[in-house]
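In: Here is a sequence together with a model predicted from it:
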Amino acid sequence: MMDLVSVDWLAEHLNDESIVILDASVQPVTQVESQNQEFLTFKNARFFDLKKKFSNQESSFPNTIPTAEQFELEARKLGINKDSKIVVFDNLGIYTSPRVWWLFKIMGHKNVSVLNGGLPEWIKQGGKTANKHLQTATEGDFKANFQEDFLITYDIVLKNSKNPQLTVIDARSKGRFDGVEKEPRKHLKSGHISNSMNVPYKDLLSDGMFKSKAELTKIFESKQVSDIDLVFSCGSGITACIVMLASHVAGYNSKKLYDGSWSEWAELQRLIVE
């Protein structure tokens, strides 16, 4: 499967037997559904609870990758099988869905795609929606095969900040990267990891969709990015995956993520607002 698919592609393959559609939306969708208020999702979409089911709840940092065992268990509960062809979307167009794409990649599942434009683009083009998620009673046989090389730790990034062998790409805004804009986590200072470069994820999107392959390639080439040992980072491991997926569209191949990102780096470096 392609890493990025269009609304037209999904409409054509919507009824394929092995297709599994995952809704990776976060707030306010989860709140609305829990309150039994109306919200929109795909017909037959299964809710991928990124914040609670597919993150390590015992971690000190947000959105930390779960263990392979936890991921496998929760994926099976969603009825996902070894041969499932997964399409992920979110309600913001492109936001959390690339994170889910990366999670399946690091767990060894190759057949996973992100829907370009997500739910807004689907609705815009007249796609059918529903107001509840599919509840599957059949447990899947998904098997995690953890790809350790895709996960970059604080110690690796610390070493690289002093003796660069990797290219760390930071997906946060230029203001946060330059240290002139406040962090969402108010106790942390902004700034950047030494020897990292800035490719703000918003620069890669237009109206909730990825820019064209030609435009994305031009952006990465303007930064003189090579395909050797790229590592992606952001605030907490979500938007880094947007830049990673954009790089794949542009022809790069790295799936390496500094999962702790700035929230871990600033905390451990004691970059704390007094």
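Out: That came in fine, so what should we check first? Residues are numbered from 1 along each chain as shown.

In: only C-alpha atoms for contact and neighbour calcs from this point on.
Out: Fine.

In: so the residue nearest the centre of the chain, which of the three states?
Out: The C-alpha lying nearest the average C-alpha coordinate of the chain belongs to Arg99 (Cα atoms, centre = their mean; 1.5 Å). For Arg99, the assignment made with DSSP: H, G, I helix; E, B strand; the rest coil gives helix.

In: try the one 4 residues further on
Out: Classification of Leu103 using three-state DSSP returns helix.

In: quick one: the helices in this structure?
Out: 7-13, 29-34, 68-77, 97-106, 118-124, 154-162, 174-178, 213-222, 240-249, 261-268 (DSSP state H).

In: How about residues contacting the first one?
Out: Residues outside helix 7-13 that contact it (Cα atoms under 8 Å, 6 or more residues apart in numbering) are Ile19, Leu115, Asn116, Gly117, Glu121, Trp122, Gln125, Gly127.

In: try it again with 6 Å
Out: Trp122 (Cα atoms under 6 Å, 6 or more residues apart in numbering).

In: With stretch 227-238 instead?
Out: 99, 166-172, 240, 252, 254, 256-259, 261-263.

In: tell me the strands in the chain, going along the chain?
Out: 4-5, 19-23, 41-42, 46-47, 85-89, 112-115, 129-130, 151-152, 167-170, 196-198, 205-206, 209-210, 230-233, 256-258 (DSSP state E).

In: Can you add mean pLDDT and give those strands back as TSV?
Out: Below are these laid out as TSV (pLDDT from 0 to 100):
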stretch	mean pLDDT
strand 4-5	98
strand 19-23	96
strand 41-42	90
strand 46-47	94
strand 85-89	98
strand 112-115	98
strand 129-130	92
strand 151-152	98
strand 167-170	97
strand 196-198	96
strand 205-206	98
strand 209-210	98
strand 230-233	97
strand 256-258	98
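
In: Reformat those as JSON lines; add distance to Leu268 and mean neighbour count.
Out: Converted to JSON lines, these look like this (distance: least, Cα to Cα, whole Å; neighbours: other Cα atoms under 10 Å):
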{"stretch": "strand 4-5", "distance to Leu268": "35", "mean neighbour count": "20"}
{"stretch": "strand 19-23", "distance to Leu268": "33", "mean neighbour count": "23"}
{"stretch": "strand 41-42", "distance to Leu268": "39", "mean neighbour count": "24"}
{"stretch": "strand 46-47", "distance to Leu268": "33", "mean neighbour count": "21"}
{"stretch": "strand 85-89", "distance to Leu268": "33", "mean neighbour count": "25"}
{"stretch": "strand 112-115", "distance to Leu268": "33", "mean neighbour count": "26"}
{"stretch": "strand 129-130", "distance to Leu268": "44", "mean neighbour count": "15"}
{"stretch": "strand 151-152", "distance to Leu268": "15", "mean neighbour count": "17"}
{"stretch": "strand 167-170", "distance to Leu268": "18", "mean neighbour count": "24"}
{"stretch": "strand 196-198", "distance to Leu268": "17", "mean neighbour count": "19"}
{"stretch": "strand 205-206", "distance to Leu268": "31", "mean neighbour count": "16"}
{"stretch": "strand 209-210", "distance to Leu268": "33", "mean neighbour count": "22"}
{"stretch": "strand 230-233", "distance to Leu268": "15", "mean neighbour count": "25"}
{"stretch": "strand 256-258", "distance to Leu268": "14", "mean neighbour count": "25"}
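
In: That'll do, ta.
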